[in-house]
Every structure is written in C-alpha cells, then in structure tokens.
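Student: Got a predicted model here, sequence first, then my questions.
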Amino acid sequence: DTGVSQNPRHKITKRGQNVTFRCDPISEHNRLYWYRQTLGQGPEFLTYFQNEAQLEKSRLLSDRFSAERPKGSFSTLEIQRTEQGDSAMYLCASSAPGGGMNTEAFFGQGTRLTVV
Amino acid sequence: AQSVTQLGSHVSVSEGALVLLRCNYSSSVPPYLFWYVQYPNQGLQLLLKYTSAATLVKGINGFEAEFKKSETSFHLTKPSAHMSDAAEYFCAVNRDFNKFYFGSGTKLNVKP
C-alpha cells in the first residue's frame, strides 16, 4: 500500500510529557499537511509544508507544537508538555505537485492522542 | 465566517432510501469543493470533487454532488442507501492555496 502512513495509530501519554508523531506521505507528493480533529468536529488546519519548507502555521499551533519535514520526505509533529486539551486525532495528508486548487489531499489514518 | 456549512449533524435514512447531505459554501471563497467520508477511527477518503467541468459530479460508491452557484451549494446525494454507507461525511473547500477548510461533518445512519 502506498498511501499516507502515520505512526503510531494510538498514543496515551501523561499530562506534561512530550510526544512525537510521524507521517510518511505518498512518495511523489511534495505538499504535506497536518490537521487536528476533535470529537464531533471537522479537521482543523495546523500547518503546511511544500517540500521541506513550512509555509504556513495556524494560530492553533501554539509554541508547544513544532513540525518538521527534513529533506522534504517524512514529517514529524511534536507536542511538548502535553495538556488534556491536546487530546485529539492528528491527521496527516499529502497532495501531488503541480496541481491547481482542485487537487485533492490524501489522508492517513491518523494518530489518536489521549492525554491523561 | 465559516467557509463551508453542513446542515444537520446527524442524518438517518432507511436502507434503499435517498441520501441527501447538505453543504453550503461561502460566496467569498472560490468553489474548489470536495466531499470526504470518514469511517470510525479512520482517516478521510475522497468521495468526489468539483472541477468546474460539469456541475453534476459523480464520485465513488454511487455518490454524486451538484454544484449550484446561485444557491452556493454542493449537496451530496445517493439514490439508494446501503448499510455500508454509514459513516461521517465532510464537505471541504480549498482556499488560501492548499489550505482545506472542513465543515463540521454529518453522521449518516442507515437503518435496516
């Protein structure tokens, strides 16, 4: 399967701990997105990479959140000093280069974070 | 202001009945519109997208959507619901170049 891969699928952590999630996009896709989805809501945009450059960050992405995409391949999302409000599904998506605004994003299965 | 609005957080239909899930978009955004489906504890899967080539767009699993500029709508329909269609459906718009904004979703329940 050559879809978007996210690891881990589930993460339970104690409040105050740091967590890191990984996303492997579809290999030829240069655009990569992170979204957060809480129960009963649609996904909310967090950040966007084109190749290795982080081009945009949402105001939702506090200083405790950091995302990287070294070499324009996989990406990591780190949350420092987790809080209970960080509990959510974190979704990664990628899209192909060269497409216009009607180019779809392909989503991974997400990482469900529970902060206890 | 919301870029897309989905009316009805829950819709329940009988198996074999028409499915209609509503999505209205803000007239201030270009209509780069998508419908995604999400099964429990899964990511999102593209159902269909509006490409301006035709106002009636056909997608996977028998779903289709009609773009109506005069009504700023992009409602999703399926003539006959199957049990396997039970899922959550999200309307989305691509704006600000490659930032997808999603509606709050509609959970579809299919009764036997």
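Tutor: In hand now; what should we look at?
Student: Was I right to think residue B:91 contacts residue B:32?
Tutor: No: using Cβ atoms under 8 Å, residue B:91 and residue B:32 do not qualify as a contacting pair, with a distance of 11.8 Å. Bear in mind the C-beta positions are built from the backbone N, C-alpha and C, glycine included.
Student: ok, these two, which is more surrounded?
Tutor: Neighbours were counted for residue B:91 and for residue B:32 using other Cβ atoms under 10 Å in any protein chain shown; residue B:91 has more, 30 against 22.
Student: need the contact list for the more buried one.
Tutor: B:4, B:6, B:21, B:23, B:25, B:33-35, B:74, B:76, B:102-103 (Cβ atoms under 8 Å, 6 or more residues apart in numbering or on different chains).
Student: What of residue B:11?
Tutor: B:19-21, B:106-109.
Student: Which of those residues has the largest number of neighbours?
Tutor: Going by other Cβ under 10 Å, residue B:21 tops the contacts of residue B:11 with 23 neighbours.
Student: and the residue lying closest to that one once chain neighbours are set aside, how many neighbours?
Tutor: Nearest residue to residue B:21, sequence neighbours excluded (Cβ to Cβ, 6 or more residues apart in numbering or on different chains): residue B:76, at 4.3 Å. Using other Cβ under 10 Å, residue B:76 has 24 other residues around it.
Student: so residue B:76 touches residue B:20, yeah?
Tutor: Yes: counting by Cβ under 8 Å, residue B:76 touches residue B:20, with 7.5 Å between them.
Student: so which helix or strand takes in residue A:27?
Tutor: Per DSSP states H and E, residue A:27 falls between elements, in no helix or strand.
Student: so who does it touch?
Tutor: residue A:2.
Student: Same check on residue B:75?
Tutor: Shown in contact with residue B:75 (Cβ under 8 Å, 6+ apart): B:20-23, B:65-66.
Student: In terms of helices and strands, where is the closest residue to chain B within chain A?
Tutor: Proximity of chain A to chain B (Cβ to the nearest Cβ) peaks at residue A:42, 3.3 Å away. Assigned by DSSP H and E, residue A:42 belongs to no helix or strand.
Student: what bridges to the most centrally placed residue in chain A?
Tutor: Residue closest to the average C-alpha location in chain A (Cα atoms, centre = their mean): residue A:34, at 3.0 Å. Under the criterion DSSP bridges, residue A:34 forms beta bridges with residue A:47, residue A:92.
Student: my read: it touches residue A:79, true?
Tutor: No: using Cβ under 8 Å, residue A:34 makes no contact with residue A:79, being 11.1 Å away.
Student: Can you confirm whether stretch B:22-39 lies near chain A?
Tutor: Yes: using Cβ under 8 Å from any Cβ of the partner chain, we find that stretch B:22-39 touches chain A at B:30, B:32, B:34, B:36.
Student: Now which of the residues you listed would you call buried?
Tutor: The neighbour count (16 or more other Cβ atoms under 10 Å in any protein chain shown) marks B:32, B:34, B:36 as buried among the residues of stretch B:22-39 next to chain A.
Student: quick check, the second one in a strand?
Tutor: By that I understand residue B:34. Yes: under DSSP: H, G, I helix; E, B strand; the rest coil, residue B:34 falls within a strand.
Student: Mind pulling up the pLDDT for it?
Tutor: Residue B:34 is assigned a pLDDT of 94 by the prediction.
Student: hang on, isn't it packed against residue B:51?
Tutor: No: checked against Cβ under 8 Å, the pair residue B:34 and residue B:51 is beyond contact range at 10.3 Å.
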